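> Need coordinates for the below:
(2 chains)
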Amino acid sequence: MAVLNEEQTMLRDMARDWARKESPVKAYRKMRDGGAAIGFDPQAFAKMAEMGWTGVIIPEAHGGSDFGYLSLGLVLEECARTLTASPLNASSLAATSAVLLGGTEAQKAAWLPGIAAGETIAALAVDEGPRHAPDRVEAVAERRGDGWTLKGSKQFVAEGDAASLLVVAAKAGDEIGLFLVPADAKGVSVSARSMVDARSHAAITLDGVLLAADARLEAGGADLLDRVLDRARAGVAAEMLGLAVQAFEDTLAYLKTRSQFGEILSRFQALQHRMANLFTEIELMRSVVEGALEAIDAGRDDVPVRVALAKATACQTLHLVSRELIQLHGGIGMTDEHDAGFYLKRARVLENQYGNGAFHRERFARLNGY
Amino acid sequence: MATTEMTRPDATAEDFRAEAAAWLADNFPQSLVGKENLLAAIEGESKPDPEVAAWKRAMGEKGWGTPTWPVAYGGGGLDAKQARILQEEMARINAWNPIGGMGVMMLGPTLLEFASEEQKQRYIPPICRGEIRWCQGYSEPGAGSDLASLQTKCEDKGDHWLINGQKTWTSGGQWADWCFALVRTDTSKKHEGISFILLDMKSPGVEVKPIKMISGASPFCETFFTDVKVPKDQIVGEIGNGWTIGKRLLQHERTNLSGGGRMGRGAGPSLADIARKYVGVDDEGRIADADLRGRIIKHEMEARAFQATARRVTAEAKSGSLSLASSILKNVGARITQERAELTLEIMGMNGLGWEGEGFHPLELGTTRGWLWGKAVTIYGGTTEIQNNVIAKRILGMLDHQ
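Here you go, the predicted structure:
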């Protein structure tokens, strides 16, 4: 565990407490069984906003608390442990990062207070296919008078179903720009996709959407998309850490109760070593995930490498832990009645989001010049 | 005899090949290509298609659905070489075997080995014709890996047996006509108190409840027995010998579950093909994602090594020596199956994670459900851990430190 300050400790404890009491896994199960297209419970999200979690990385001047990415990561981790479904990551971390890094003061003032209050749900729309490929953005923004016309389509936009604001990556001349697109603008159509994690991953079509001159995030520079994505990736890694920790704890608890051959399973050395290995991997994962979030907060120049390390490690470790979760639970973990399958399914979605392990290993190598 | 068969001139084999090809051409309509319901065993039969029914009837009458079983009990009576030729000829025209299920894979071979002549005459022919669906009543809530701790009671009531208890993970229990089960006929001994019994699922007192799995399907049930009366002649083998018979049957199960060499051999597109489609290739035709490519290579090589081992085990068994390598087949087969599913999912990216509905190709949705379902292969039929115990203790002679 990173060394936390008093505010961070309080925030984490509050998040842990709330998630356990107010947003247990059975709340997620209820949401899934209800088949809500938006993929979360708006009342629960309203409570999260009330507690200030939607404004953790937003400056006080725009209605946030400016606690930073590590702090938000702690909340995401705790919420992920009980599979809390909410747009916190997509809206208050990923899309918010775009406005923070690329927005003019006017753009920040226009959008951040709404996000901080939980009233505006924003989503980051980059990928256009099933695999993360930010260098293959084909959506185009063309100049039209003072403003822009946007054409293209986006796939698997996290929380796209409930978003009122879309942050869309599109080619603008030789660059890839990020554009603020109200979801109710003419020419925007959103269709829901039903995925294994029962969360929102919308397909979005942009059919000649007319945008005003101030729709583009102008302040970020040429590498804006990369920097935004690195933050989004770190946020996803924090969520993955929460899944891994809980999957591990559930497995450990099960091994201490299930008995076969007249012996509690946790007394079998082969299983003890498996658990010791998982524990080891998760500790390594925690170090690099927290390290990435701290690097963002500190404004370090090695954020990209640290994020690639964090996401690649998170993918590898959560993959392992989620498989062991099922295997070590045996048949009971294969049933829908048990929660294990939820963690497995969510794990694979997050492994894919913003680049899988292979993507980030490749990125790590390139960033390090080999 | 065996020598004559093994040195049979190729001309005879070619005659059989011609005979098989002609019969298949007459009986397998090409309209049935690709219509095999691979999930029938875990989803129940879909509505009967008259062409499928006719094909099943033809294969059942010919006995070729169970090609190597004796003709006397409805099998095809073929030797191993002929059976392989039949398989090749079927593959050549994409014909599939309509006779299957647990009766073929597990119960039949066990009955051939342990059942009385009357039992063989009664139970095996309907298996060969694919008329009776069998389910397995082994596991119980408290008896999974430690199967021998099973508690379902089977009492001798003079003119019948009386069964009380609960089974779980009863594959296809909700569609099964009959069940082969391990029951406790003696509570004073652990292994020697178990008997192997056959019972009609329509008997009064049998109740099944499907279990919904993470894949969304319900291929298993909980099965409850409340004062179920079973005729005296339905115990197979000696009373108290059920553990031996049940374990033998599990060996058949493990051989089948290991994929029996079917894996990675032409069943569907290769991982490389799927990767070419979803990931693309570089200028030299290599899969564009080098990291993924490396893992596909490793997987394909392991699958080849597995197939080579499965062939070696078969060859050694035919020559009369039981291969120690047979003990690794289930674990390796299961590992390869799961790795293939995980790699397919990774290749497909988010398209491999759809649950239902718009935006996903049926093959993608099938991949997802198959991946979830496949998490069971390292659990059922003896978990990977139990298989490793068998290897360590029985084969390597490594005993517990106590």
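> quick one: low-confidence parts of chain B?
B:1-11, B:37-47, B:254-268, B:401-402 (pLDDT under 70).
> Any idea how many residues pack against whichever residue of the stretch 151-300 of chain B sits closest to chain A?
Nearest residue of the stretch 151-300 of chain B to chain A: residue B:214, at 3.2 Å (C-beta to the nearest C-beta). Where you see a C-beta, it was placed from the backbone N, CA and C, and this is true even at glycine. By the measure other C-beta atoms under 10 Å in any protein chain shown, the count of residues near residue B:214 is 23.
> which residue ranges form the strands in chain B?
In chain B, the segments counted as strands under DSSP state E are B:134-137, B:153-156, B:160-171, B:178-184, B:194-200, B:206-211, B:220-231, B:235-236, B:354-356.
> Check chain A too.
Assigned by DSSP E, the strands in chain A fall at A:122-125, A:140-144, A:147-158, A:165-172, A:175-182, A:188-191, A:194-195, A:201-211, A:259-260, A:263-264.
> The residue of the stretch 151-300 of chain B closest to chain A reaches residue A:345, doesn't it?
Yes - Residue B:214 lies in contact with residue A:345 (C-beta atoms under 8 Å); the separation is 7.4 Å.
> thinking again about what came up before, now the strands of chain B in CSV, with distance to chain A and mean neighbour count?
Formatted as CSV, the strands of chain B follow (distance: least, C-beta to the nearest C-beta, whole Å; neighbours: other C-beta atoms under 10 Å in any protein chain shown):
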stretch, distance to chain A, mean neighbour count
strand B:134-137, 13, 27
strand B:153-156, 20, 17
strand B:160-171, 6, 21
strand B:178-184, 16, 25
strand B:194-200, 16, 23
strand B:206-211, 6, 18
strand B:220-231, 8, 19
strand B:235-236, 26, 24
strand B:354-356, 5, 19
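> closest one to residue A:270 among the ones you listed?
The closest of these to residue A:270 is strand B:160-171. By C-beta to C-beta, the value is 22.6 Å.
> what residues are up against the closest residue to residue A:37 other than its chain neighbours?
Nearest non-adjacent residue to residue A:37, counting by C-beta to C-beta, 6 or more residues apart in numbering or on different chains: residue A:192, 4.4 Å away. Neighbour list for residue A:192: A:37, A:161, A:200, A:202 [criterion: C-beta atoms under 8 Å, 6 or more residues apart in numbering or on different chains].
> before we move on, what about residue B:398?
Residues residue B:392 are the ones in contact with residue B:398 under the rule C-beta under 8 Å, 6+ apart.
> any idea how far it lies from residue A:246?
Distance from residue B:398 to residue A:246, counting by C-beta to C-beta, to the nearest Å: 35 Å.
> repeat for residue B:211
Distance from residue B:211 to residue A:246, by C-beta to C-beta: 24 Å.
> For residue 76, list the residues it contacts.
With no chain named, the answer covers chain A. Neighbours of residue A:76 in contact, by C-beta under 8 Å, 6+ apart: A:88-89, A:93, A:235, A:238-239, A:242.
> wrong one, I was asking about chain B
Residue B:76 neighbours (C-beta under 8 Å, 6+ apart): B:62-69, B:83, B:86.
> May I ask which of those has the most neighbours?
Result: residue B:66 is most packed of those (other C-beta under 10 Å), 30 neighbours.
> pretty sure that one contacts residue B:105?
No - assessed by C-beta under 8 Å, residue B:66 is found out of contact with residue B:105, at 10.2 Å.
> of all of the stretch 51-200 of chain B, which residue lies closest to chain A?
For the stretch 51-200 of chain B, C-beta to the nearest C-beta, closest residue to chain A: residue B:146, 4.0 Å.
> quick one: the nearest residue to that residue once chain neighbours are set aside from residue B:149, how far?
Of all residues not flanking residue B:146 in the chain, residue A:260 sits nearest, at 4.0 Å (C-beta to C-beta, 6+ apart). With distances taken as C-beta to C-beta, residue A:260 is found 8 Å from residue B:149.
> residues of the top helix by length along chain A that come out buried?
In chain A, assigned by DSSP state H, the helix with the most residues is helix A:224-255. The neighbour-count check on helix A:224-255 (16 or more other C-beta atoms under 10 Å in any protein chain shown) flags A:224-248, A:250-251, A:254-255 as buried.
> what are the ranges of the helices in chain A?
Under DSSP H, chain A gives helices at A:6-22, A:25-34, A:42-50, A:69-81, A:88-89, A:96-102, A:105-116, A:224-255, A:269-298, A:303-329, A:340-352, A:357-367.
> Specify the angle between the third one and helix A:69-81 in degrees.
With axes from the mean of the first three to the mean of the last three C-alpha atoms, to 10 degrees applied, the angle from helix A:42-50 to helix A:69-81 works out at 150 degrees.
> Kindly tell me how buried the closest residue to residue A:198 other than its chain neighbours is, as a neighbour count.
Sequence neighbours aside, residue A:32 is the residue nearest to residue A:198 in space, at 4.0 Å (criterion: C-beta to C-beta, 6+ apart). Using other C-beta under 10 Å, the number of residues around residue A:32 comes to 19.
> Please parse the chain into its domains.
In the absence of a named chain, this looks at chain A. The record's domain parsing of chain A by automatic domain parsing lists A:6-120, A:123-215, A:224-367.
> wait, chain B
If you go by automatic domain parsing, chain B breaks into B:2-99, B:134-241, B:258-395.
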